[in-house]
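>>> Sequence and predicted structure, then a few things I'm wondering about:
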Amino acid sequence: MNDLDALLTPEGRALLDEVRDTAPADELAVATRLRREHPAELVSAAIGQARLRQRAAAKFATEDARRMFFTPNGVEQSTRTTVATYRARRFKELGVTSVADLCCGIGGDAIALARAGIRVLAVDRDPLTAAVARANADALGLAGLIEVREADVTEVDAASYDAVFVDPARRGGRGRIFDPEAYSPPLSWAVDTALKSPHAALKVAPGIPHEAVPAEAEAEWISDGGDVKEAVLWFGTAPGAVRATLLPGPRTLLSRGLPNPEVRPVGRYLYEPDGAVIRAHLVAEVAEEVGGGLVDETIAYVTADEPRPTAYASAYEITDQLHFSVKKLKALLREREVGVLTVKKRGSAVEPEELRRKVKPHGPNSATVFLTRVAGAPTMLIGHPLG
């Protein structure tokens, strides 16, 4: 708290501007120079905050990150701006004008909601985190729409708000927490709170078991740039619905309740579904879209004889199918002068880097190898991405 208060002073803000682009290798020299004119604690705080801002630029727009304040946990656990903006848009489309953001962290979601024109009560029980969220609302000119409150979220009355958003802590002293009832607060409390509100969204880990999703909820898995970021349980929308949303876009695939695709021989084309599609158990929807089937009943690779464009999977043309053999793969790559080798795997214990070291690719051409199982047998599929 003392560091944050000092950084909010004119001297602190001036120091932040001065050290903004300091490279890690230059930090010691910069700190030594600045300590001749400023308190050592303030210089350390400014350089530490500059480092966090540089890290945060991957999640937040660079212009925002340079003005915002962060904690190490805040950078690690905050929602990526693209995802927060998408969620705020969904709230807006539901007619929501006010949201109680419970477990607001440093305010990433509150900022996106406010920028959508939604009034926000942002609550966090940690004094420093709440202070950082308040500083961020001020820094971005959103203090008129965001009220930050330091409190235990279980004691907050959200009845006067159109919607509730809960982002419970999913990390503990030993790392990531997988049991939803071990979240802080537990998922059961968040669900009870959601059911009392006209609309609600609960952010959960993307690995949440489907059987843990309440019947009253719509479940949405979200990826950004191909990386699965989170799952969200929506209340007051479409109970029982399941969707995968891909950003940028957004592009959304809805469950149609299809049975599992049939297993079939490997065709000329292979489709690798987006991670959100796989987490949402919507591989069957992709298989139907491309007219394909599975290479193995336990593997989420779809194969087909014709190329059909789909937004929900990456497509590859397969040129070779081999039983797993490092020797055969090495010979094939040498014959085709492959120097750039992309290794993907699903259902294989082989590590991509280990395989790359063994085959020693060399040459002007490129290829992709899939280490997987086909009808239960360890297999290598070699090909290249489609257009």
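That came through fine.
>>> quick one: buried residues of the helix or strand residue 192 falls within?
Element membership of residue 192 [criterion: DSSP states H and E] is helix 187-195. Neighbour-count burial for helix 187-195 flags 187, 189, 190, 191, 193, 194 (criterion: 16 or more other Cβ atoms under 10 Å). From N, CA and C alone the C-beta is placed, and that goes for glycine too.
>>> Under a three-state scheme, what state does the nearest residue to the second one once chain neighbours are set aside occupy?
Beyond its immediate neighbours in the sequence, the residue positioned closest to residue 189 (Cβ to Cβ, 6 or more residues apart in numbering) is residue 154, lying 6.4 Å away. Per DSSP: H, G, I helix; E, B strand; the rest coil, the secondary structure class of residue 154 is helix.
>>> Check the contact between residue 154 and residue 185; I expect there is one.
Yes. Here residue 154 reaches residue 185: they are 5.8 Å apart, a contact under Cβ atoms under 8 Å.
>>> now the residue nearest to residue 189: how far from residue 282?
Here residue 154 is placed at a distance of 34 Å from residue 282 (Cβ to Cβ, to the nearest Å).
>>> How about residue 162?
30 Å.
>>> neighbour count winner among these two?
Taking other Cβ atoms under 10 Å, residue 162 and residue 282 do not tie; residue 282 has more neighbours (23 against 20).
>>> and the stretch of helix or strand residue 327 belongs to, what other elements does it pack with?
Counting by DSSP H and E, the element that carries residue 327 is helix 326-335. Helices and strands touching helix 326-335, as assessed by 3 or more Cβ pairs under 8 Å, 6 or more residues apart in numbering; DSSP states H and E, comprise strand 313-323, helix 352-359, strand 377-385.
>>> Dump those into CSV; add distance to residue 215 as well.
Below are these laid out as CSV (distance: least, Cβ to Cβ, whole Å):
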stretch, distance to residue 215
strand 313-323, 29
helix 352-359, 40
strand 377-385, 40
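>>> Strands along the stretch 1-150 of the chain, start to end?
98-102, 119-124, 146-150 (DSSP state E, counting those that start in this stretch).
>>> Out of these, indicate the one that is most buried.
Greatest average neighbour count among those goes to strand 98-102 (a mean of 26), per mean count of other Cβ atoms under 10 Å.
>>> Report the angle between the helix holding residue 327 and helix 352-359.
Angle of helix 326-335 versus helix 352-359, following axes from the mean of the first three to the mean of the last three Cα atoms, to 10 degrees, is 70 degrees.
>>> And for stretch 242-249, what's in contact with it?
82-83, 86, 210, 218-225, 251-255, 274, 276-277, 279-282, 311-312 (Cβ atoms under 8 Å, 6 or more residues apart in numbering).
>>> ChimeraX command to pick out the buried ones of those residues?
Those of these that count as buried under 16+ other Cβ under 10 Å are selected in ChimeraX with:
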select :82,83,86,218,219,220,221,222,223,224,253,254,255,274,276,277,279,280,281,282,312
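>>> Could you tell me which of the contacts of stretch 242-249 belong to strands?
218, 219, 220, 221, 222, 223, 224, 251, 252, 253, 254 (DSSP state E).
>>> contacting residues around the second one?
For residue 219, the set of contacting residues under the criterion of Cβ under 8 Å, 6+ apart consists of 210, 213, 231, 232, 233, 234, 241, 242, 243, 280.
>>> In ChimeraX, how would I select just the buried ones from these?
For the buried members of the contacts of residue 219, the matching ChimeraX selection, counting by 16+ other Cβ under 10 Å, is:
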select :213,231,232,233,234,242,243,280
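>>> ok, which pair from the contacts of residue 219 is furthest apart?
Across those, the longest distance by Cβ to Cβ is 14.9 Å; it joins 210 and 234.
>>> Run through the bridge partners of residue 378.
residue 373 (DSSP bridges).
>>> So what's the residue count around it?
Close neighbours of residue 378, defined as other Cβ under 10 Å, add up to 16.
>>> Test my guess that it contacts residue 325.
No. When contacts are counted by Cβ under 8 Å, residue 378 is not listed as touching residue 325 (9.3 Å).
>>> circling back: could the helices and strands packed on helix 326-335 be laid out in TSV, adding mean pLDDT and distance to residue 69?
Formatted as TSV, these follow (pLDDT from 0 to 100; distance: least, Cβ to Cβ, whole Å):
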stretch	mean pLDDT	distance to residue 69
strand 313-323	96	38
helix 352-359	94	38
strand 377-385	96	41
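>>> Which one of these lies nearest to residue 32?
Across these, residue 32 has its closest neighbour in helix 352-359 (39.5 Å, Cβ to Cβ).
>>> Hey, what's the angle from that closest one to strand 377-385? Just curious.
For helix 352-359 against strand 377-385, the angle by the same axes, to 10 degrees is 90 degrees.
>>> Only the buried residues of helix 352-359, if you could.
355, 359.
>>> Let me see the residues that make contact with stretch 279-291.
Contacts of stretch 279-291 (Cβ under 8 Å, 6+ apart): 206-207, 210, 219-221, 228, 231, 242-244, 253-256, 258-261, 269, 271, 273, 277, 293-294, 300, 302, 304-306, 308, 310, 312-313, 315.
>>> What helix or strand is residue 339 located in?
Short version, using DSSP H and E: residue 339 is in strand 338-345.
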